[in-house]
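S.K.: Below are the sequence and a predicted model for it; my questions follow.
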Amino acid sequence: MRPLAVLACLLLAAGACSGGGDDDPATSGSTSVSQGRTPDVDFTVVGREYGFDMPAEVPGGVVTMSFRNRGRLRHEAGIIAAGDTPVDQVLADLGPVLEGRGTPIPDYLTFYGGVGEIAPETTSQSTLTLPEGKFVMFCSLTDIDSADALPRPGPQLPAHYSSGMARAFTVRRANVDLL
């Protein structure tokens, strides 16, 4: 009886993670697409050591981003709103938040999802809701995270964004109004 209850919970959780039928762009967030369907890709990002190749401007609204890891390490593609704040300041403000130093999140930083950690030479897609504005794509993994090694005592290696894996981009006005 217990294994069936666990299976039922997993199925319910999987349904909730896949969007649960909520097609409202105002309430839908980042959703990984892996159920065998291939949506139209609105823009493509290619990650490598240590940078992103991507358009300077991407469409807004409900969009599908394809992230291809062309590097030798694991990478991710996180998206954060930056407004008019320079990329260097965004990264300086983001670091303590991601490192869990108890630093409050600055008001201008808003996370908008992205594609989580993927292995080298793989591709993953994510459907996102992106409003018009200025954003930064970043990878917060370290080389230790990326190499699947156990953390070592002593100073932590810098995150990939500190080595240049951060890129400013603009989201143009969506073809539908977002709430």
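M.R.: Ah, there it is.

S.K.: The residue lying closest to Asp53 once chain neighbours are set aside pairs with what?
M.R.: Residue nearest to Asp53 in three dimensions, not counting chain neighbours: Val46, with 4.3 Å by C-beta to C-beta, 6 or more residues apart in numbering. C-betas here are computed from N, CA, C, even on glycine. For Val46, the beta-bridge partners under DSSP bridges are Asp53, Arg68.

S.K.: residues in contact with Val46?
M.R.: Counting by C-beta atoms under 8 Å, 6 or more residues apart in numbering, Val46 makes contact with Phe52, Asp53, Met54, Phe67, Arg68, Arg70.

S.K.: What are the neighbouring residues in contact with the closest residue to the third one other than its chain neighbours?
M.R.: Nearest-residue entry for Met54: Val45, 4.3 Å, with adjacent residues in sequence omitted and distances by C-beta to C-beta, 6+ apart. For Val45, the residues meeting the contact criterion (C-beta under 8 Å, 6+ apart) are Phe52, Asp53, Met54, Met65, Ser66, Phe67, Arg68, Ala77, Val115, Met137.

S.K.: how about the residues you listed, which pair is most distant?
M.R.: Asp53 and Val115 (14.5 Å; C-beta to C-beta).

S.K.: Could you check which of those two is surrounded by more residues?
M.R.: Val115 (26 against 12; other C-beta atoms under 10 Å).

S.K.: Ile79 is in contact with the more buried one, correct?
M.R.: No. Here Val115 lies out of contact with Ile79, judged by C-beta atoms under 8 Å, at a distance of 9.1 Å.

S.K.: Could you report the neighbour count for Pro120?
M.R.: Pro120: 15 neighbours (other C-beta under 10 Å).

S.K.: how near is it to Phe138?
M.R.: 18 Å (C-beta to C-beta, to the nearest Å).

S.K.: ok, back up a step: ok, of the contacts of Val45, which one's closest to Asp40?
M.R.: Ranked by distance to Asp40 (C-beta to C-beta), the contacts of Val45 are led by Ser66 at 10.0 Å.

S.K.: For the closest one, give me its contacts.
M.R.: Residues in contact with Ser66 (C-beta under 8 Å, 6+ apart) are Val41, Phe43, Thr44, Val45, Thr123, Ser124, Gln125.
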